[in-house]
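In: Provide a 3D model corresponding to the input given below.
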Amino acid sequence: MMRRFVIPGLVVFVSILGAATLMATSPKVAPSVPEVVPTTVRIVTVEPQPVLLTVSSQGTVAPSTESDLISEVSGRVIWMSPSLVAGGYFEKGAALLRLDTQDYAASVARAQAGVTRTEAEREHAAFEYQRLQSLEERKLVSRSQLENALRASRVADAALKDARAALEQAQRDLGRTEIAAPFTGLVRAEQVDIGQFVARGAPIAKIYATDFVEVRLPVADRQLQYLKLPPGHRGELPVDAQPKVMLRADYAGQRLEWNGRIVRSEAEIDVQSRMVHVVARIENATQATPLSVGLFVAAQIEGLVAEAVVALPRTALREGNRVLVVDAANTLRFRDITPLRLHGDQVLIEGGLSAGERVCVSPLQTVVDGMPVTPVADGPAA
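Out: This next block holds a predicted model:
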């Protein structure tokens, strides 16, 4: 009975004694304060400088001059130029179509005969008037006879003028049987063929000039302040007030560029998009590659030059128009700034920063004013 209680008691006692011994002889850990590691951030050094402001837009190329080719006389088509097809190219003054000339040649011949007849009648009337004038001086004819001769002479003069006008009209109609190109350009669509009878005033083809092309570019009304456009101006802009524009497009696997100018602005504001449209004109003769009608292009319009502007990456801008400045002690400080505009991946700042200051451009999630950081240069602001 004693063994039953003594042995377990000894085991418990020995265990407690061993635990106490281990606790008494174990090493003691001194408490320590963790060292604060500053966050590494990217910075740019502020360098105010002039910045050329641009406005982006896009649009579709359209011809500057486009017209319907109309027949001024009636007739049957007897010849068509190989260029008178959709997409055909023609030079100014080139013959595009000819009509049957037989009826018009006959009209010219009749008009010439009429001129010859009236010239003879006029000569006879003038001679008769002179003869009666000399007889009237000798009192051999009456005054009424002389007046009748004068009237006949004047009627003959009028008849001759009418005959000559009819001859000129017949010659013009004969010349109009050949339709020539009014300018250098391309055919958009043709509407006649060989043997077809064409009435006067009937459309022959739709053509457009290729020397100049235009692009209608929408611009937000708030973006107009960055362009050198005279306020309230209507119609064509003066040459010295026409902003430059660069057009770009990917065509046939190549990136192509064209230079032009903004030649006018439309006074009307689109009621749906609230956009103002400006028109860019491009002279194809001065381009390395002619600009094709119908091509969709992106445009960069050259605007005003802003002085002493700081350009920073958009990631530098914080909520409330503020940025983070790294001071001399390498701590972050909030700074209120005056933004000029957001453009692409940049923010342009016109006030609130001085040259040489360092601005944090790292996208930090949590920022505390006065937080220590380790700045790493990311290059100067451009």
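
In: pLDDT weak spots in this structure?
Out: Applying pLDDT under 70 to the chain picks out residues 1-14, 17-20, 22-36, 231-234, 379-382.

In: Could you pull out the helices in it for me?
Out: 2-25, 102-137, 143-175 (DSSP state H).

In: Who does Val376 form a beta bridge with?
Out: Arg42 (DSSP bridges).

In: need the contact list for it.
Out: Applying CB atoms under 8 Å, 6 or more residues apart in numbering to Val376 gives the contacts 40-43. Just so you know, the C-beta spots here come from the backbone N, C-alpha and C atoms, and that holds for glycine as well.

In: Dump whichever strand in the chain runs longest to PDB, keeping only the CA atoms.
Out: Criterion DSSP state E: the longest strand present in the chain is strand 296-313. Extracted as PDB, the C-alpha positions of strand 296-313 are listed here (Å, rounded to 0.1, in the frame of the first residue of the first chain):
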ATOM      1  CA  PHE A 296      -8.100  57.400 -90.700                       C
ATOM      2  CA  VAL A 297      -5.300  59.400 -89.000                       C
ATOM      3  CA  ALA A 298      -4.200  60.500 -85.600                       C
ATOM      4  CA  ALA A 299      -3.300  64.200 -85.200                       C
ATOM      5  CA  GLN A 300      -1.000  66.200 -82.900                       C
ATOM      6  CA  ILE A 301      -1.800  69.900 -83.100                       C
ATOM      7  CA  GLU A 302       1.000  72.300 -82.100                       C
ATOM      8  CA  GLY A 303      -0.200  74.900 -79.500                       C
ATOM      9  CA  LEU A 304       1.200  77.500 -77.200                       C
ATOM     10  CA  VAL A 305       4.500  77.400 -75.400                       C
ATOM     11  CA  ALA A 306       4.100  77.400 -71.500                       C
ATOM     12  CA  GLU A 307       7.100  79.000 -69.700                       C
ATOM     13  CA  ALA A 308       8.600  77.500 -66.500                       C
ATOM     14  CA  VAL A 309       6.500  74.400 -66.400                       C
ATOM     15  CA  VAL A 310       7.500  71.200 -64.500                       C
ATOM     16  CA  ALA A 311       6.600  67.900 -66.300                       C
ATOM     17  CA  LEU A 312       6.300  64.900 -64.000                       C
ATOM     18  CA  PRO A 313       5.000  61.300 -64.500                       C
END
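
In: care to break the chain down by domain?
Out: 41-49+307-377, 55-63+210-306, 77-100+177-208, 102-174 (automatic domain parsing).

In: and Leu69, which of these is closest to it?
Out: Closest approach to Leu69 among the domains of the chain is made by domain 77-100+177-208 (4.2 Å; CB to CB).

In: so how far is the first residue of that closest one from its last?
Out: One end of domain 77-100+177-208 to the other measures 22 Å (CA to CA, to the nearest Å).

In: hang on, the earlier thing: could the helices of the chain go into a markdown table alongside distance to Trp79 and mean neighbour count?
Out: Below are those laid out as a markdown table (distance: least, CB to CB, whole Å; neighbours: other CB atoms under 10 Å):
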| stretch | distance to Trp79 | mean neighbour count |
| --- | --- | --- |
| helix 2-25 | 120 | 9 |
| helix 102-137 | 14 | 15 |
| helix 143-175 | 15 | 15 |
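
In: closest one to Arg314 among the ones you listed?
Out: Here helix 2-25 is closest among those (CB to CB), at 61.1 Å.

In: What separation do you get for Arg248 and Glu123?
Out: According to CB to CB, to the nearest Å, Arg248 stands 73 Å off from Glu123.

In: Check Glu178 too.
Out: 36 Å.

In: wait, what's in contact with Arg200?
Out: 71-74.

In: Could you work out the most separated pair of the residues you listed?
Out: That would be Glu72 and Ser74, which, of the contacts of Arg200, are the farthest apart (CB to CB) at 9.2 Å.

In: the more surrounded of the two?
Out: Comparing Glu72 with Ser74 by other CB atoms under 10 Å, the one with more neighbours is Ser74, at 17 against 12.

In: The more buried one contacts Ala199, correct?
Out: Yes: between Ser74 and Ala199 there is a contact under CB atoms under 8 Å: 5.2 Å.

In: what sits up against stretch 287-305?
Out: With CB under 8 Å, 6+ apart, stretch 287-305 has contacts from 50-63, 186, 208, 210, 213, 215, 217, 219, 226-228, 243-249, 251, 256, 258-259, 262, 278, 280, 282, 284.

In: Could I get the domains of the chain in CSV, plus columns for distance to Ser15?
Out: Listed next are the domains of the chain as CSV, based on distance: least, CB to CB, whole Å:
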stretch, distance to Ser15
domain 41-49+307-377, 51
domain 55-63+210-306, 83
domain 77-100+177-208, 105
domain 102-174, 133
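
In: Among these, which comes closest to Thr21?
Out: Nearest of these (CB to CB): domain 41-49+307-377, 47.4 Å.

In: List of residues touching stretch 120-137?
Out: 141-143, 145-146, 149-150, 152-153, 155-157, 159-160.

In: Run through the residues that contact the residue nearest to Val309 when sequence neighbours are not counted.
Out: Spatial nearest neighbour of Val309, excluding adjacent residues (CB to CB, 6 or more residues apart in numbering): Val51 at 4.4 Å. Taking CB under 8 Å, 6+ apart, we find Val51 in contact with 305-306, 309, 311, 348.

In: which of those has the most neighbours?
Out: Ala311 (21 neighbours).

In: My guess is that one contacts Gln346. True?
Out: Yes: counting by CB under 8 Å, Ala311 does reach Gln346; the two are 5.2 Å apart.

In: Kindly state the beta-bridge partners for Met246.
Out: Beta-bridge partners recorded for Met246 (DSSP bridges): Asn259, Gln300.

In: One more: Phe212?
Out: Counting by DSSP bridges, the residues bridging with Phe212 are Glu283.

In: Distance of it relative to Gln346?
Out: 34 Å.

In: Glu123 too?
Out: 88 Å.
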